[in-house]
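Undergrad: Got a predicted structure here, sequence first:
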Amino acid sequence: MNNLFSQVWQILSHRAFLWLLLTVNILGTIGGYIWYGGQLSITRPLFYIFVPDSPTATLFFSIAVIGWLLGKNWRVIEALALITLVKYGLWAVVMNLLAIIEIGSIGFLGWMLVVSHLAMAIQGILYIPMYDIKLTQVSIAAIWTLHNDVIDYVFGQMPIYSMLSAYMSEIGYFTFWLSIACIALAYYVSRKRISFAAKKVSL
């Protein structure tokens, strides 16, 4: 099993694969910001940065990948990437599954969102060996994450899911604890530095 994981990790950490990953995430980030165009058009400029949660998460990850390709670890960005990729990836999956329960079907586009956001969460976890984060960076990312929750559910800037609008209090409660779980994951990573022989980017 260890040998299999080592072989998989050699692929995941190879420069060519990282360039492919970076390209996919940049395209996804651009597409995500375009997706939020409608909501941003009715959002006060003060809240712009807090509305497009998922594309901002993939933006953090894209910047982290650029750092790895340059042989650098931008720790705050890595902490933000880990927490927000897992949080918003899982959040969107749960919201779309709830939408199925509420309206019976989410169509092709909805399932595409499920798959793409699940991939977000998975990539955030898969690249844990690359993160070089410490408690300071986790704390900064935690403040950002919890502050974003306040903006979303106190100031009403959460992503629009009209079919779930009657459940905003419950969703806000779930989101808060999802944030705590993802922060706890980042804290665990910072304390339990997972090391692999092939941690560095492969040539």
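TA: Now that the structure is in, tell me what you want to look at. Worth saying up front: this structure is predicted, and the values here are computed from it rather than measured. Numbers count the residues shown, from 1 in each chain.
Undergrad: for the longest helix anywhere in the chain, what is the average pLDDT?
TA: Across the chain, the helix with the greatest residue count (assigned by DSSP state H) is helix 75-103. The pLDDT scores in helix 75-103 average 96.
Undergrad: what comes up buried for the next helix or strand along the chain from that helix?
TA: Downstream of helix 75-103, the first helix or strand assigned by DSSP states H and E is helix 107-126. Of the residues in helix 107-126, 110, 113-114, 116-117, 119-121, 123-124 count as buried by neighbour count, 16 or more other C-beta atoms under 10 Å. Every C-beta, even on glycine, is put in place using the N, C-alpha and C of the backbone.
Undergrad: report the angle between the axes of helix 107-126 and helix 75-103?
TA: 150 degrees (axes from the mean of the first three to the mean of the last three C-alpha atoms, to 10 degrees).
Undergrad: what does the next helix-or-strand element following helix 107-126 contact?
TA: Sequence order places helix 135-154 as the next helix or strand after helix 107-126, per DSSP H and E. Applying C-beta atoms under 8 Å, 6 or more residues apart in numbering, the external contacts of helix 135-154 come out as 47, 50, 53, 75-76, 78-80, 82-84, 87, 157-158, 168, 171-172, 175-176, 179, 182-183, 186-187, 190-191.
Undergrad: again, but for stretch 181-195
TA: So stretch 181-195 is contacted by 79, 82-84, 86-87, 128-129, 131, 133-135, 137-138, 141-142, 145-146 (C-beta under 8 Å, 6+ apart).
Undergrad: I'd like the buried residues of helix 107-126 laid out as JSON lines, including distance to residue 24.
TA: JSON lines is the format used below for the buried residues of helix 107-126 (distance: C-beta to C-beta, whole Å):
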{"residue": "110", "distance to residue 24": "20"}
{"residue": "113", "distance to residue 24": "16"}
{"residue": "114", "distance to residue 24": "17"}
{"residue": "116", "distance to residue 24": "10"}
{"residue": "117", "distance to residue 24": "14"}
{"residue": "119", "distance to residue 24": "9"}
{"residue": "120", "distance to residue 24": "11"}
{"residue": "121", "distance to residue 24": "15"}
{"residue": "123", "distance to residue 24": "9"}
{"residue": "124", "distance to residue 24": "14"}
